[in-house]
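Trainee: Fold the following.
(one chain, ligands or ions: 1)
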Amino acid sequence: MFKKDFIWGAASAAYQIEGGAFEDGKGPSVWDVFSHQPGNVLFNHNGDVSCDHYHKYKEDIALFKKLGIKNYRFSVSWPRIMPNGTGEVNPKGIEFYNNLINELLANGITPYMTLFHWDTPKALDNIGGWRNPAISDYFEEYARVIAENFGDRVKYFMTLNEPQSFMHGYRERTGMPPVAGFPICEMVPTIHNVLLAHGKAAKVLRELVPDAKIGLAPCGNYFYPLDENNPSDVEAARQLTMGISQDLEQLHWNISWYSDPIYLGSYPADQLEVYGKYLPDGWEEDLKIICQPLDFCGQNVYGGYPATMDENGKPMKCELPAGWTRLGNNAGTPVTPLSLKWATIFLYERYKLPILVCENGMACTDTVSVDGKVHDPQRIDYLHRYIKGIKEATEMGVDIMGYFVWSVMDVFEWSKGYSMRLGLIYVNYQTLERIPKDSAYWYKELMETNAENL
Ligand code: NOJ
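Mentor: Have a look, this model is predicted:
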């Protein structure tokens with residue numbers, strides 16, 4: 001049974017839906033530049049127009065309302081608000097988000113605001129981006145502008161979306177700007193800057209919006225027990241999900257390396273032994289800022305792998321059989337409903353905060369059928385199974401406060417461009433027509449009934 005006040009919602013992000021990329025004084029972000037460099041994005045798509053939500057937000061919100069969406073998670077474009085990332089504030093940017101928030105509230109929809117969903121102002125990228133220790137001060141300055149302008153009406157904030165993913169762009173050479181390929185010794189201080197940025201922003205939001213609920217939306221690699229009834233498989237999944245990454249080069253995808261400092265005020269001891277030597281001077285003091293009181297433990301979960309213990313009693317990832325259903329997005333994540341269930345269990349037992357599932361959804365190649373409708377039984381089945389998973393976790397005592405489907409409508413899917421669709425609402429990128437998919441109506445009923453019929 002879900003709580004009576006369970007938060008059902010749907011989500012989006014600025015660069016993925018807004019368009020208006022160079023309008024009304026907005027500064028360029030790293031994604032504006034990256035998507036225009038040939039070869040970075042499939043078919044060289046970019047977010048210049050995208051869903052044109054910047055101009056169509058009113059009709060979009062009217063459609064959300066019609067589809068029973070009462071909670072909407074969206075992100076603010078930092079360079080729309082501050083074209084250089086610091087200093088000058090763009091009044092037109094403030095006006096856009098004021099209009100958006102007011103329109104949501106007028107339609108009975110609660111705003112859930114993410115401060116940063118990967119669109120780093122290009123001006124800050126030019127001076128080192130997230131590698132520059134000053135980024136945490138710039139982010140704090142931006143958070144102050146957010147709190148002062150929107151904190152009277154917005155009460156739910158997420159500082160960062162998937163730090164693991166945008167750190168991927170610093171670690172690897174594909175998929176995400178700055179495609180830099182930095183070694184682990186440079187990733188450790190960079191991730192530290194990210195954590196400090198979160199802490200400073202959370203602190204300023206708390207000071208200026210005392211009644212706010214504050215958190216963030218990280219991701220990671222997820223594992224679930226091969227046999228749910230086998231305690232040793234449960235332990236294997238726990239260790240792989242929350243412990244040190246087996247592949248030391250993959251530190252940036254770890255969960256606890258990010259979340260322990262944020263929720264517990266310390267880097268995980270086993271990992272500190274390996275990576276501690278790369279942390280910047282004064283990191284212990286910084287932990288006091290990084291670890292701000294938070295109201296929920298947000299997490300984005302799409303899929304993962306089963307785990308068991310090998311013959312030496314070491315946790316082991318199990319491969320999935322050939323042909324297993326996978327998401328068509330960048331990561332090719334396997335569809336494994338148990339990964340969401342067990343992620344909430346492991347996160348709740350470690351951080352002891354109500355869990356907010358900030359993203360979960362299915363990437364498919366949806367099409368408009370001859371009847372003019374978009375039939376997406378795969379997505380309905382995916383959502384059904386994953387939501388059932390969190391229902392089971394709830395019954396096991398996990399405090400889950402809400403769930404957001406990714407995404408409210410089809411969006412620019414980063415380096416996959418418009419080739420992959422995750423939305424509840426189909427977007428025709430030529431005509432900009434919106435068509436609610438079958439899943440949107442299915443989800444409407446689920447929200448109305450608080451998932452009683454699941
Ligand atoms: C997580 C990201 O936050 C979002 O931007 C992306 O579209 C989805 N994953 C799907 O890949």
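Trainee: In contact with the closest residue in space to P91 that isn't next to it in sequence, which residues?
Mentor: Nearest non-adjacent residue to P91, counting by C-beta to C-beta, 6 or more residues apart in numbering: G25, 7.8 Å away. (C-beta placed from N, C-alpha, C; glycine too.) Applying C-beta atoms under 8 Å, 6 or more residues apart in numbering to G25 gives the contacts 83, 90-93.
Trainee: where's G25, which helix or strand?
Mentor: For G25, there is no host helix or strand (DSSP states H and E).
Trainee: Would you mind measuring from it to V357?
Mentor: To V357, G25 is 35 Å away according to C-beta to C-beta, to the nearest Å.
Trainee: Kindly report the same for A322.
Mentor: Counting by C-beta to C-beta, the gap from A322 to V357 is 29 Å.
Trainee: go on, S232?
Mentor: For S232 relative to V357 (C-beta to C-beta), the value is 27 Å.
Trainee: higher neighbour count, those two?
Mentor: More neighbours surround V357 than the other of S232 and V357, with 26 against 15 (other C-beta atoms under 10 Å).
Trainee: can you pull the buried residues of the helix of greatest length in the chain?
Mentor: Taking DSSP state H as the criterion, the chain has its longest helix at helix 184-208. By neighbour count with 16 or more other C-beta atoms under 10 Å, helix 184-208 contains the buried residues 184, 187-206.
Trainee: Check which helices and strands it is in contact with.
Mentor: helix 135-150, strand 156-161, helix 163-171, strand 213-217, helix 256-259, helix 283-290 (3 or more C-beta pairs under 8 Å, 6 or more residues apart in numbering; DSSP states H and E).
Trainee: Next to the ligand, which bits of the stretch 351-454 of the chain? Give me the list.
Mentor: 359, 406, 413, 422 (C-beta under 6 Å from any ligand atom).
Trainee: what pLDDT does the residue nearest to H45 when sequence neighbours are not counted get?
Mentor: Distances taken as C-beta to C-beta, 6+ apart place G417 nearest to H45, at 3.0 Å, with adjacent residues excluded. Confidence at G417, expressed as pLDDT, is 96.
Trainee: helix or strand for L347, which one?
Mentor: helix 337-351.
Trainee: Would you agree C219 is in contact with G303?
Mentor: No. Using C-beta atoms under 8 Å, C219 is not in contact with G303; the gap is 10.9 Å.
Trainee: Around the ligand, which positions in the chain sit nearby?
Mentor: Checking the chain against the ligand by C-beta under 6 Å from any ligand atom, the hits are 13, 16, 161-162, 300, 329-330, 359, 406, 413, 422.
Trainee: Minimum pLDDT in those, which residue is that?
Mentor: N330 (60).
Trainee: circling back to that earlier point, which member of the contacts of G25 is positioned nearest T174?
Mentor: Proximity of the contacts of G25 to T174 (C-beta to C-beta) peaks at P83, which lies at 28.3 Å.
Trainee: what's near enough to touch the closest one?
Mentor: Counted by C-beta under 8 Å, 6+ apart, P83 has contacts 25-27, 90, 93, 121, 123.
Trainee: Thanks a lot, catch you later.
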